[in-house]
Each structure stands twice: as structure tokens, then as C-alpha cells.
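Student: model this:
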Amino acid sequence: LGARAPAARLVGCPDRGVHPPAPAAPAPRADSSPAPGLGPRPALAPPPGAVRIRFEHVWFAYRGDEYVLRDVSFEVGAGERVGVVGATGAGKTTLINLLMRFYDVDRGRITVDGVDVREMPLADLRQRFGLVLQDVYLFSGSVRENIRLGHDAIGDAAVQAAARSVHADRFIERLPAGLDSEVGERGATLSVGQRQLLSFARALAFAPEVLLLDEATSSVDTDTERLIQDALHVLMAERTTIAIAHRLSTVQDMDQILVFHKGELREAGTHQQLLARRGLYHTLYQLQYRDQERAAAPERAGAGLTAPEPAVVDSGSGG
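Tutor: Below is the predicted model of the structure:
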């Protein structure tokens, strides 16, 4: 087959601790690397501590020469928080797929602390990452079991501390049996916000060096949104973080924002720097703001309120 199935979206892939199988190898191309898990793995791993990530002239295609990433280069400094934005199909999730080695790059390389990820044992590489997805994987079992994922080294004290740090303890304490309460298949007994907080507790319990967030927040009520944002700040503290976001509001405080378009890295900078350039990010921000205003218009009209002006730089030429 000439296509590669996107592994990061496999149903049943937990955020942390259990990983999906390597995808089937595609038909070989002259410029393609071996699929993950094939061939010998040199026993080489970067030293523990702060993690620095580099993408160096990376090209990648799931099918033939239909590249979803084109000559992408950037660096995430140790402890830096980086947001990744762009339209659907811009190549955002592929960054995580390659970093976790669900696939290998076709050209270029990705390094962690200067070591090519293809030279690391998969277990050592993935152990350094905490992957949190919007579609949270929860299995039929207790809250405690869903946080520790069968790792006995994570004791009750660590589970409780992780839950408390991300505010998950607030809803856990109200459950019939607390940490021993059954959550049901895919967390059927929990709300969207509760499932997200539980996934954050899981990630924190495993103490990853690098945090990977792939559209990790959903639209929830204001109070839950506040808890989730505070929990994210706890998760990201002193951790190298890459956060893929659809809602720009979730990455405005990042140290750096990368803007992708059709597989290319078009812009990079802080929220205010990118707005001031009046380029692609500014356009995305304006479009998203208008969508939010359009959705809120009926409610404001009923309350007799008018829409505020968007908080962006003064208009000028360009964009």
C-alpha cells in the first residue's frame, strides 16, 4: 500500500504509558526512512534533564510524494513552551507523530538533546514524553487504575498528589467511591471536563520531561475551562512543551507560537509579535474572533449587549 494510516489517532491509544503498534510499512521510496520498529535499534539515549528538541529540514508524506511537511526547521529550547497553530491539514499533528516515532521522517532529522530520534530505543524515547489528546482514552476500571495504567511504582500518594495538582480531586471526591469509583468504558460516567482533568492527572503522575498536547482542550463551561487552564499551567511548569491548538486563546501565553500552512512553517513569534506582523496568524486570529462573536451574538442580543472590539493592533497596510 502507498498510504500510511495516522497512528496518533488510533482508537484505544492512551495518553501515556501504553503506545499504539507501529503502522504497517509503506511501499519503499527512494527517499524514505525505515518504518519505526524495523531493524536494529542502537542503545543510544540522551542524558536525563532539561530537553531540547530540534526539527532540521524535515520532509514527510503519508502517501507517495504528497508531502504534509515541507522543509520544516525549528527549535524548542529546554523548558520552553511552544504552541503550534494552523488550519486543518497544515501538518500540526504530524509533528507529534514524527517526534514520538509513530513514523520516521523522509528527509532531514529530528533530535532530542542533540541525538537523532532514530538512534534511540523507542521505549527510552517515548518514556520521556507525556502525550495528552483531546479524545481521552479511558478504560472500564477505577479512577486510580486509569491514572496509573498498571504501573505499580506509581503509588496512591503519587496518584492523589497528581489529581490534586490538576484539580481532578474536586470531582473525584464527589464520586461514590472516590479513587475506586468505576469510570465506565471510555469514561462514560464522566463529563468532558472531568475526562480531561483525569488525563492531565495521568500525565503528571508519570512525570514526563516533555509534554505533548494535541488539541488537548474542548469547549466546556467557564468554570471548568478555568480549572483546565490552571491545570495546564501546572503540567507545563518547567517542562519542555509542544501544544497543538485549534483555539488560539489556548496558546496566547506561550513562549513561542509556530504558524503552519500547507505543511510549511510560515511564521514564528509570540502572540503580540505575530499580531503586529499582520500576516497569517493575524488573519487566523481575526477569523476565529469573528466566529466566536457570531456564535455569541444571539445570547448578547437577548441580554441587550453589544460586541466589544477585538484586542488587536491598529490597522494598517498589509496582512
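Student: can you tell me the closest non-neighbouring residue to D116?
Tutor: Nearest residue to D116, sequence neighbours excluded (C-beta to C-beta, 6 or more residues apart in numbering): R109, at 5.1 Å. C-beta: built from backbone N, CA, C; applies to glycine.
Student: Three-state assignment for the one you found, please.
Tutor: Assigned with DSSP: H, G, I helix; E, B strand; the rest coil, R109 falls in the strand class.
Student: count the residues that sit near it.
Tutor: R109 has 16 neighbours, counted by other C-beta atoms under 10 Å.
Student: heads up, I number from 32, so please use that
Tutor: Okay, using 32 as the starting number, the last item reads as R140.
Student: which pLDDT value goes with it?
Tutor: Listed pLDDT for R140 reads 98.
Student: list the buried residues in stretch 201-209.
Tutor: Judged by neighbour count using 16 or more other C-beta atoms under 10 Å, the buried positions of stretch 201-209 are 202-203, 206.
Student: end to end on it, go ahead and measure it.
Tutor: Separation of the first and last residues of stretch 201-209 by C-alpha to C-alpha, to the nearest Å is 10 Å.
Student: pull the distance from it to the chain's centre.
Tutor: Computed by C-alpha atoms, centre = their mean, to the nearest Å, the chain-centroid distance of stretch 201-209 equals 27 Å.
Student: give me the mean pLDDT for it.
Tutor: In this model, stretch 201-209 has a mean pLDDT of 93.
Student: what sits up against that stretch?
Tutor: The set of residues external to stretch 201-209 that reach it, using C-beta atoms under 8 Å, 6 or more residues apart in numbering, is 173-174, 194, 210, 212, 221, 225, 228, 258.
Student: any chance of those in JSON lines, plus distance to D286 and secondary structure?
Tutor: Shown next, in JSON lines, are the contacts of stretch 201-209 (distance: C-beta to C-beta, whole Å; DSSP: H, G, I helix; E, B strand; the rest coil):
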{"residue": "S173", "distance to D286": "37", "secondary structure": "strand"}
{"residue": "V174", "distance to D286": "33", "secondary structure": "helix"}
{"residue": "A194", "distance to D286": "28", "secondary structure": "helix"}
{"residue": "L210", "distance to D286": "35", "secondary structure": "helix"}
{"residue": "S212", "distance to D286": "38", "secondary structure": "coil"}
{"residue": "L221", "distance to D286": "32", "secondary structure": "coil"}
{"residue": "Q225", "distance to D286": "29", "secondary structure": "helix"}
{"residue": "L228", "distance to D286": "24", "secondary structure": "helix"}
{"residue": "L258", "distance to D286": "23", "secondary structure": "helix"}
